[in-house]
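Novice: Curious how this folds, go ahead:
(2 chains)
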Amino acid sequence: MADGAFKYEDCLLKHHVRTHAWLPLCKRRLKTIRHTSTGKKQRRLRYFTFCAVGAIDVLMLDVAKVICRSESRGFDNVVFFDKSPEFVLETQKSIPGAIGFPGNFVNVVLLEDLDEDDVVDATSYLSSPTDAADEYLVRERQRMLAKRHSFIQRFPFDVINLDLEQFLFQPKHDLPGKIINAFRKVFQWQQRPLINGDKLSGFSLMFTTQIGPPDITDEYLNMLHSNLQTNIDADASLKDCLTKYIGHADLNKLRSEHFEIFFKLGMPKIFASTLMEADWYVDSEKGISIFEFERPSDCGPYKILHLVMDVKRKEPPKEKRPPLTHSAVAQKAYRDVVRKIFCEDIAVVSDGNIDKASLQQNLELIKSRRKKYYPEAYAEN
Amino acid sequence: MPQIKVHEKALAHLSRGLYRSPASALRELVSNAWDANAQMIRIDTNYPNFLQLSVQDNGDGFTKSDFESLMDGGIGNSAKRPTHEPLIFNRPIIGRLGIGMLGIAQICGSFTITSKPKKGGDGFRAHIRLYDLLKDKLDRKDKEVYVSDDEDVSPREIDVGEYTFEGFDAEKAKYGTLIISDDIHPTFVRSFRKSLEYETFKQPPLEWTKALRILNNVHSLQELGDYWRLLWELSAACPVPYISDLALPKHLIIEEQERLASYNFKVVVDGIQLYKPVNLRNNPEGYTIKKIEPTTLKIYGKDVSFHGYILVQEGLQIKPDELRGIMIRIKNIGIGYYDYSLLDYRINEGPRSRWVTGEIFVDEGLEDALNIDRDSFNRFHPEFRAIQEHVHQILQKDIFPRVYKQIDVRSKKRAKEKQEKRQEYLKATIAESVKKQVKIKGEGKISKAEQSQQVEVVQKSNVVELHLPNAEDLKTKKSAQQLASAILAIFEIANEGNTNEKRREVFKKLLLDLLTKW
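Specialist: Have a look, this model is predicted:
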């Protein structure tokens, strides 16, 4: 989904996150799949991404043999979304066989849809209507609905890489924000069974966002504030963590004086809570790992946060629990994850603490893989 | 003298109803790319969702002013088209009617075109929207499409759509032309998606060699559905090479392959590089082939030159059905489909006509015989007739006589093999009964003179010798002669029993055993 003059794929800070956060997470997921796979043929990892045109993340996982290509259809276990039809086209050249969805991810996911999430045969939306003329708006509505349901049918994924590179909270959107609402849907669709009827016991989640925006509204700040307050109220030890971290435990002061810290504490928890709503929880063993780095831009530098986490299915499921309750394991995990967010340091990635030479070497290796799939990209233009 | 005019509506209709299949419309864009010196054209259908369709070539591209001129009445107007310089790699110029780009209107209602010219000039990006319900609007004289109601303005032009220029980043753009549709018709999307749900559907592999294996194992493309049909039709129509020099037996296409490869033109659909959908090898009964050497006929003072081949897969139907018949190519572009009527061949060859495939490459002429859809011929055009007669002569005087000879040879061979096999059955049946080895006297080299009308059984210590009558001398139906001879033999064997009951029992067993295997 990213665009602009900055060459994201060449950014070594980002590549450090890819190799040190994304790759280990995906390797762990593959190991879990192999461990739990039954039957003769092992299931391949299913991957959803907002990969940029270069599809570096997919190619990295291909080089590391985490994503296994199908012998005849290549990357048919990779699904991606991109706003630009041109970018969908370009991406598919780099990762042949991948399934690309053109369009605005959030708008497609949140499309007003009478069938809502009861996935019906996507082609039924494409039948010729009996009561509408063959005009653009009619056709567009048909296509959008078909696209939404085709997308839902692709769920679930073992790894979801929501590499947004934009603001999670957008002032123009009503609370809790369209992106959060879209994620709610995505996590809900993750409950769908696999083709063989099995349900995922868990999945891996990567998320990228900018810290901000500078004009974030009070509604969003209040949402983060009340969320943090609830956590502190529920676990007194968090106050100590906070005091140790910033010298006091006053959320109002934190919000007004240290917005970045306030955001870094509050935002990941929004994710943890959204997952809980959809009957998932973040595995507390590693919690939510957060990586941060600064990126230059024409309007001044800005900060990027990368979150990675293992997600587990709640047991027993919602249908077997009293309303508005969580499983005990999930509740404990949530508290542990929150404590880790309060008490553990964020990994700040900078030019000074990365191994540029080996990252560059690895990036070249990945690019050479792309050259293999898409040699024309390297031909003289 | 009064002039004869065509109503402008007839021409406007062309922009919406010219091609009979998506592949035909896309084939026009492939021809454009070839003529624009492209070395690769990529068609992307967004498989398996089919939510967008794009066609991208790395050819010469065209300038903003070329585009404006085309949009301003240049579609279908050869006078507004730039004259062609020779093409790269000695490619013949395909030429076109000029409606190719708008032909995509049959699949989608609007699209974006981006072009960056190689030979200088401004590139551009424009969004084209074709009017919905054009035919209705024309009939109603809707103001959206009628520029003027003034009948005296001649020639009148009709608006079929509108375009707007969008931001164009010359640095990021690639040389060539990219068309991306954003309004694919739901009917197109639906039919392609539906075809993926067929029970007989198979995922198309990214390697054409593997795809061909699937294609060569179905009776008809219908079994695989519309998406496979698109792949197949494009591979059949486009000027691409064969999968290898050996795609056809006896080096039949070796020169053709060399020529096609020398044009350096690739067509890639959804990541699959297409080659011709022909791969006929290893037929156990072999092939009857006829290479049509370069031939030039003079028709009304014009040269019609062509070459090609006709191939018969002996005793085995060509698969898929769509590969049956004769494909005519003009400047390497396939016109329509393989014609299974063999260009209206008048003699009914029964199942044998299903063994035939062939291609006629027309190097010069025949373009005037093309119907406006470039998908079929005016079959009464003198140039078409000339080629038709030539092909029919070959079929009638050369190909089919050889095919019948081959059939005769195969029939005799099969009859002999059957006869030998049955004699083996007879020996095995008797041997099991008498628990001795059985020999048929003169086995393998029986002459008529050696054989009598009688069956004679000679019992030796561990061998039974059978002297069989000459089957052909037995006065019964020819198809029953060998069986009659065998029954007489087992009758004689059974007759060696001591009692009637024993004889009856042995005969019954031998007869049933024999008939089981016969």
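
Novice: Residue in the stretch 351-500 of chain B with the shortest distance to chain A?
Specialist: Closest approach between the stretch 351-500 of chain B and chain A, counting by CB to the nearest CB: residue B:373, at 22.1 Å. Glycine gets a C-beta too; all of them are placed from N, C-alpha and C.

Novice: Would you list the phi and psi of residue B:128?
Specialist: phi -110, psi 130 (degrees, to the nearest 10).

Novice: wait, what's in contact with it?
Specialist: Residue B:128 makes contact with B:71, B:110, B:111, B:112, B:113, B:161, B:162, B:163, according to CB atoms under 8 Å, 6 or more residues apart in numbering or on different chains.

Novice: Can you report how many residues lie near the residue nearest to the third one when sequence neighbours are not counted?
Specialist: What it means is residue B:111. In space, residue B:111 comes closest to residue B:181 once its chain neighbours are excluded; the distance is 4.2 Å by CB to CB, 6 or more residues apart in numbering or on different chains. Residues near residue B:181, counting by other CB atoms under 10 Å in any protein chain shown, number 23.

Novice: could you point out which element follows the longest helix seen in chain B?
Specialist: In chain B, taking DSSP state H as the definition, the longest helix is helix B:400-434. Remark: after helix B:400-434, the chain's next helix or strand is strand B:437-440, criterion DSSP states H and E.

Novice: what's in contact with that next one?
Specialist: B:423, B:426-428, B:430-431, B:446, B:462-466, B:468.

Novice: Strand partners (parallel or antiparallel) of it?
Specialist: Next to strand B:437-440 in the sheet, as set by DSSP bridges, lie strand B:463-467 (parallel).

Novice: Check which residues of the strand it pairs with are buried.
Specialist: Applying a neighbour-count criterion of 16 or more other CB atoms under 10 Å in any protein chain shown, one finds B:464, B:466, B:467 buried in strand B:463-467.

Novice: which of the residues you listed lies closest to residue B:175?
Specialist: Residue B:175 lies nearest to residue B:466 out of those, by CB to CB, at 83.7 Å.

Novice: rewinding a little: got the contacts of strand B:437-440 as a markdown table, with distance to residue A:85 and pLDDT columns?
Specialist: Output for these, formatted as a markdown table (distance: CB to CB, whole Å; pLDDT from 0 to 100):
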| residue | distance to residue A:85 | pLDDT |
| --- | --- | --- |
| B:423 | 72 | 90 |
| B:426 | 74 | 92 |
| B:427 | 74 | 91 |
| B:428 | 71 | 92 |
| B:430 | 78 | 92 |
| B:431 | 77 | 92 |
| B:446 | 78 | 48 |
| B:462 | 85 | 87 |
| B:463 | 84 | 90 |
| B:464 | 84 | 89 |
| B:465 | 85 | 88 |
| B:466 | 81 | 86 |
| B:468 | 80 | 85 |
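
Novice: quick one on the thing from earlier: count of neighbours near the residue of the stretch 351-500 of chain B closest to chain A?
Specialist: Counted by other CB under 10 Å, the residues lying close to residue B:373 total 18.

Novice: isn't it right next to residue B:24, touching?
Specialist: Yes - here residue B:373 reaches residue B:24: they are 7.0 Å apart, a contact under CB atoms under 8 Å.

Novice: wait, what's in contact with the most centrally placed residue in chain B?
Specialist: A centroid search over chain B (CA atoms, centre = their mean) returns residue B:323, at 2.4 Å, as the residue closest to the centre. By CB under 8 Å, 6+ apart, the contact list for residue B:323 reads B:236, B:277, B:278, B:338, B:357.

Novice: from the contacts of strand B:437-440, which two are the most distant?
Specialist: B:446 and B:462 (22.7 Å).

Novice: In strands, which of the contacts of residue B:128 fall?
Specialist: Here DSSP state E is the test, and the contacts of residue B:128 give B:110, B:111, B:112, B:113, B:161, B:162, B:163 as lying in strands.

Novice: Where is pLDDT lowest across these?
Specialist: The member of the ones in strands among the contacts of residue B:128 with the lowest pLDDT is residue B:161, at 81.

Novice: can I assume that one is in contact with residue B:130?
Specialist: Yes - look at residue B:161 against residue B:130 with CB under 8 Å: they come within range, at 3.7 Å.

Novice: Common neighbours of those two, please.
Specialist: B:105, B:110.

Novice: In terms of packing, which of these two has more residues around it?
Specialist: Counting neighbours by other CB under 10 Å for residue B:161 and for residue B:130 shows that residue B:130 has the greater number, 21 against 18.

Novice: Just the helices from chain B, written as ranges.
Specialist: Using DSSP H, helices in chain B cover B:8-14, B:22-35, B:64-69, B:100-103, B:134-140, B:186-195, B:208-215, B:226-237, B:254-262, B:382-393, B:400-434, B:478-494, B:500-517.

Novice: Could you do the stretch 101-250 of chain A as well?
Specialist: Under the criterion DSSP state H, counting those that start in this stretch, helices of the stretch 101-250 of chain A are mapped to A:105-109, A:136-153, A:178-189, A:218-234, A:237-246.

Novice: ok and the second one relative to helix A:178-189, angle-wise?
Specialist: Using axes from the mean of the first three to the mean of the last three CA atoms, to 10 degrees, the direction of helix A:136-153 lies 50 degrees away from that of helix A:178-189.

Novice: now check helix A:136-153, is it near chain B?
Specialist: Yes - residues of helix A:136-153 contacting chain B under CB under 8 Å from any CB of the partner chain: A:136, A:139, A:140, A:142, A:143, A:146, A:147, A:150.

Novice: now the contacts of residue B:128 as CSV including distance to residue B:48?
Specialist: As requested, these are arranged in CSV below (distance: CB to CB, whole Å):
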residue, distance to residue B:48
B:71, 34
B:110, 23
B:111, 21
B:112, 23
B:113, 26
B:161, 30
B:162, 33
B:163, 31
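
Novice: What is the nearest of those to residue B:230?
Specialist: The closest of the contacts of residue B:128, once distances to residue B:230 are taken by CB to CB, is residue B:111, at 17.8 Å.

Novice: Does that closest one touch residue B:104 like I think?
Specialist: Yes - between residue B:111 and residue B:104 there is a contact under CB under 8 Å: 6.2 Å.

Novice: what residues are shared contacts of the two?
Specialist: The contact sets of residue B:111 and residue B:104 overlap at B:179, B:181 (CB under 8 Å, 6+ apart).

Novice: picking that back up, wait, which of the ones in strands among the contacts of residue B:128 is closest to residue A:20?
Specialist: Closest approach to residue A:20 among the ones in strands among the contacts of residue B:128 (CB to CB): residue B:112, at 39.6 Å.
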